[in-house]
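Enquirer: return a 3D structure for these sequence lines:
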Amino acid sequence: QVQLVESGGGLVQPGGSLRLSCAASGDDIGNYAMHWYRQAPGKERELVGRISRFGSSTDYSDSVKGRFTISRDNGENMVYLQMNSLKPEDTAMYYCNAERWGQKYWGKGTLVTVSS
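Expert: As a prediction, the model looks like this:
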């Protein structure tokens with residue numbers, strides 16, 4: 001079973017950038033499609049984007065398309081979320097998710113706050 005730990009969150013000004021990392025252990029993440037989700041205060045968790053097992057395809061929500069990029073390094077068991085042109089509405093807890101055969105595994109999240 002894979003374990004996931006997110007890092008890289010923090011406070012950033014509007015228009016700034018952050019890079020989130022998701023470190024996996026316990027299994028080879030090459031076995032999993034990987035996703036980033038986020039949950040803003042008082043809102044439901046939403047999918048930010050996904051990346052296929054070997055990184056050949058990605059997909060993003062309309063709200064982040066063109067600003068966020070997901071990548072992965074299966075050799076290092078790492079997944080990344082590069083976030084550019086951040087907006088206050090991007091403020092949320094960001095979660096890494098691994099999915100395989102209908103099973104979902106979650107990290108505990110990292111908080112991103114976009115504010116001046």
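Enquirer: name the element the most centrally placed residue in the chain belongs to?
Expert: Centroid-nearest residue in the chain, with Cα atoms, centre = their mean: residue 36, separated by 3.1 Å. In this assignment (DSSP states H and E), residue 36 forms part of strand 33-39.
Enquirer: who does that strand touch, helix- and strand-wise?
Expert: Secondary-structure packing of strand 33-39 (3 or more Cβ pairs under 8 Å, 6 or more residues apart in numbering; DSSP states H and E): strand 18-25, strand 46-51, strand 68-73, strand 78-83, strand 92-100. Yep, even glycine has a C-beta here, placed from its N, CA and C like the rest.
Enquirer: the same query, at a cut-off of 10 Å, please.
Expert: strand 18-25, strand 46-51, strand 58-60, strand 68-73, strand 78-83, strand 92-100, strand 103-106 (3 or more Cβ pairs under 10 Å, 6 or more residues apart in numbering; DSSP states H and E).
Enquirer: for residue 13, what are its contacts?
Expert: 86, 88, 114, 115, 116 (Cβ atoms under 10 Å, 6 or more residues apart in numbering).
Enquirer: got it, and residue 53?
Expert: When contacts are counted by Cβ under 10 Å, 6+ apart, residue 53 touches 29, 30, 31, 32, 33, 34, 72, 74, 100.
Enquirer: neighbours around the residue nearest to the second one when sequence neighbours are not counted, how many?
Expert: Closest residue to residue 30 in three dimensions, ignoring its sequence neighbours and counting by Cβ to Cβ, 6 or more residues apart in numbering: residue 74, at 4.3 Å. Residues contacting residue 74 under the criterion other Cβ atoms under 10 Å number 17.
Enquirer: how about residue 11?
Expert: A total of 12 residues lie near residue 11 under the criterion other Cβ under 10 Å.
Enquirer: A helix includes it, no?
Expert: No - Residue 11 is assigned strand when assessed by DSSP: H, G, I helix; E, B strand; the rest coil, not a helix.
Enquirer: how about the residue nearest to it when sequence neighbours are not counted, what does it touch?
Expert: Nearest residue to residue 11 in three dimensions, chain neighbours excluded: residue 113, at 4.8 Å (Cβ to Cβ, 6+ apart). Listed by Cβ under 10 Å, 6+ apart, the contact set of residue 113 reads 9, 10, 11, 12, 18, 86, 88, 90, 91, 92, 93.
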